[in-house]
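J.: pasting the structure only:
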């Protein structure tokens, strides 16, 4: 890397490392071009062009006339303190930036090229090979006498069991178009804050296999990195924001595998560097990640403006859960974005009785998928009718999934003020206005004593104790 004024110039070394081969000038030029093409997907303002280096090795010229002796990717420089890993270490990484990052990644994945069904990328056998290679490499370097071999073998056994269980799921993910041309190396050190916005850069250009990946495998790297930096609230906030934007709740089935896989890659790199302390720390992280998340089904209940979404946001970060919003999923059912306005009147458009029935059916389907994958689902909907609540409670009871209802309340005056303000600002997915609120206040069916609601907001510790009894 050469630094000159407002620019940085990346030059590839003429090396061959098995997974890359930069020994010829033609190869280095090709991969410079690829680096430019791929990184301009997420960072067009940073990646400017590929420039020739002319002259001689003793007296080179950037972009000079004559025969090229080398090539460089020209980038715009930015402050290194604006790298997200540095921001995380000094406590400057905040929730709004993480929200914007998650939405940006979801949009990037949505626009990324989809892997052909007959391509080798992210096939179950290749996923298994990449995961198990980590253990083989580490074991060779540690030696059979290492005291860490027992821990390593326990993690290998867990990984093998997950790979066997998830084989069909990996195949279905690919058939569903969830294997795409991703970034490939999406961690906090490869994301910068540029003009206030999070910008991923430095993607993998030298390996198709490492770049073409399940989108959930890519997100897992970022979530794992946030957890590694001691930021569990931001990790679950990032996951929730990504799922809300992408709708890829089915990906939770493979998330835990990819979290552990990413931690083991870090453990292997630490082992290669000869850093036993860092290696042990990543083994410990991988062990914790095998136990991350517990299934549950939590209903937020209350009329418009009662604070359901705000409380759900706090709880999902505290207990490690995923939120499913009826306002978002209703619009998704009708092919609309969360920020779109349907212009539907009271009881019409996307708010008819039939549309509401379909919406609650979809919420139950998604909540079931989340809980079945071993994660807690917080369903953010009004749940004003006992019949609607009972369907979810019966579902959880039949499957042995812990269940709770959180009842959110406020005075009629406070409710009207909140809804009127939200209606004026028009920045939320909810379209419920004052007319909707008045109807809800008239028609809501109170919770029965048998429904055991929590007061709102509940203590996160009390909720965890009630759901999981420990």
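T.: Yep, it's here. Quick caveat: nothing in here was measured; it's all calculated off a predicted structure.
J.: Okay, the closest residue to residue 422 other than its chain neighbours and residue 17: tell me how far apart.
T.: In space, and not counting its chain neighbours, residue 422 is closest to residue 428: 5.5 Å by C-beta to C-beta, 6 or more residues apart in numbering. All C-beta spots, glycine's among them, are computed from the backbone N, C-alpha and C. Taking C-beta to C-beta, to the nearest Å as the measure, residue 428 falls 50 Å from residue 17.
J.: Just want to know which of the two has more residues nearby.
T.: Neighbour count, other C-beta atoms under 10 Å: between residue 428 and residue 17, residue 428 has more, with 14 against 9.
J.: quick one: contacts for that one?
T.: For residue 428, the contact set (C-beta atoms under 8 Å, 6 or more residues apart in numbering) comprises 309, 327, 422.
J.: at 10 Å instead, please
T.: Residue 428 makes contact with 309, 325, 327, 338-339, 422, according to C-beta atoms under 10 Å, 6 or more residues apart in numbering.
J.: Also residue 81?
T.: If you count contacts by C-beta under 10 Å, 6+ apart, residue 81 has them with 87, 90, 92, 192-193.
J.: Could you check the pLDDT of it?
T.: We have a pLDDT of 97 for residue 81.
J.: Could you chop the protein up by domain?
T.: 2-77, 84-290, 296-468 (automatic domain parsing).
J.: State the helix or strand in which residue 9 lies.
T.: Residue 9 is part of strand 7-11, with elements assigned from DSSP states H and E.
J.: Okay, buried residues for that strand please.
T.: Buried residues in strand 7-11, defined by neighbour count with 16 or more other C-beta atoms under 10 Å: 8-10.
J.: How many residues are close by the nearest residue to residue 328 once chain neighbours are set aside?
T.: Nearest residue to residue 328, sequence neighbours excluded (C-beta to C-beta, 6+ apart): residue 338, at 4.6 Å. Using other C-beta under 10 Å, residue 338 has 18 neighbouring residues.
J.: Helix, strand or coil: sort out residue 338 for me.
T.: Per DSSP: H, G, I helix; E, B strand; the rest coil, the secondary structure class of residue 338 is coil.
J.: Check residue 406 too.
T.: Following three-state DSSP, the label given to residue 406 is strand.
J.: Touching, it and residue 296? I think so.
T.: No: with contacts counted by C-beta atoms under 10 Å, residue 406 stays clear of residue 296, the gap being 11.9 Å.
J.: give me the low-pLDDT residue ranges for the protein?
T.: 64, 343-345, 431, 452-456, 470 (pLDDT under 70).
J.: Correct me if wrong: residue 31 contacts residue 25.
T.: No: with contacts counted by C-beta under 10 Å, residue 31 stays clear of residue 25, the gap being 11.0 Å.
J.: what's the overlap in contacts for these two?
T.: Common contact partners of residue 31 and residue 25 (C-beta under 10 Å, 6+ apart): 12, 71.
J.: higher neighbour count, these two?
T.: Comparing residue 31 with residue 25 by other C-beta under 10 Å, the one with more neighbours is residue 31, at 19 against 14.
J.: now the strands for the stretch 301-450 of the chain?
T.: Secondary structure of the stretch 301-450 of the chain (DSSP state E, counting those that start in this stretch): strands at 321-325, 376-380, 403-407.
J.: For the stretch 1-150 of the chain, which segments are assigned as strands?
T.: 2-4, 7-11, 47-55, 60-62, 70-76.
J.: what's next to the third one, contact-wise?
T.: Counting contacts by C-beta under 10 Å, 6+ apart, the residues outside strand 47-55 that touch it are 2, 7-11, 29, 31-41, 60-76, 201-202.
J.: can you tell me how far residue 130 sits from residue 62?
T.: For residue 130, the distance to residue 62 - C-beta to C-beta - is 38 Å.
J.: again, but for residue 6
T.: 13 Å.
J.: where do the contact lists of the two overlap?
T.: Common contacts of residue 6 and residue 62 (C-beta under 10 Å, 6+ apart): none found.
J.: what about the two, which has more around it?
T.: The residue with more neighbours, out of residue 6 and residue 62, is residue 62; 16 against 9, by other C-beta under 10 Å.
J.: What segments of the stretch 351-470 of the chain are helices?
T.: Secondary structure of the stretch 351-470 of the chain (DSSP state H, counting those that start in this stretch): helices located at 353-372, 386-399, 412-425, 434-443, 460-468.
J.: how about the longest one: buried residues?
T.: When burial is assessed from 16+ other C-beta under 10 Å, helix 353-372 yields the following buried residues: 355-356, 358-360, 362-364, 366-371.
J.: out of those residues, which one sits closest to residue 320?
T.: Nearest to residue 320 out of these is residue 370 (C-beta to C-beta; 12.1 Å).
J.: What's the local residue count around residue 319?
T.: By the measure other C-beta under 10 Å, the count of residues near residue 319 is 20.
J.: mind listing what's buried in stretch 382-401?
T.: For stretch 382-401, by 16+ other C-beta under 10 Å, it's 382-384, 388-389, 391-393, 395-396, 401.
J.: which of the residues in stretch 77-94 are buried?
T.: 78, 82-88, 93.
J.: How about stretch 94-101?
T.: So for stretch 94-101, counting by 16+ other C-beta under 10 Å, buried means 97-99, 101.
J.: So which of these belong to helices?
T.: Per DSSP state H, helices hold the following members of the buried residues of stretch 94-101: 97-99, 101.
J.: The longest helix seen in the chain: how far from the chain's middle?
T.: Determined from DSSP H, the single longest helix within the chain is helix 149-175. In terms of C-alpha atoms, centre = their mean, to the nearest Å, the centre of helix 149-175 is found 20 Å from the chain centre.
J.: cool, and stretch 91-100?
T.: 14 Å.
J.: what about that stretch, how long is it end to end?
T.: By C-alpha to C-alpha, to the nearest Å, the extent of stretch 91-100 from end to end equals 18 Å.
J.: tell me which element residue 281 falls in.
T.: Here residue 281 sits within helix 276-290, counting by DSSP H and E.
J.: Which other helices and strands does that helix contact?
T.: Helix 276-290 is packed against helix 124-142, helix 149-175, helix 215-228, helix 252-273, with contacts defined by 3 or more C-beta pairs under 10 Å, 6 or more residues apart in numbering; DSSP states H and E.
J.: of the buried residues of stretch 94-101, closest to residue 418?
T.: Of all the buried residues of stretch 94-101, residue 418 sits closest to residue 99, with 21.0 Å by C-beta to C-beta.
J.: Contacts only, for that closest one.
T.: Taking C-beta under 10 Å, 6+ apart, one finds 198, 234, 237-238, 240-242, 244-245 in contact with residue 99.
J.: can you check residue 371 too?
T.: 252, 294-297, 322, 377, 395-396, 399-403.
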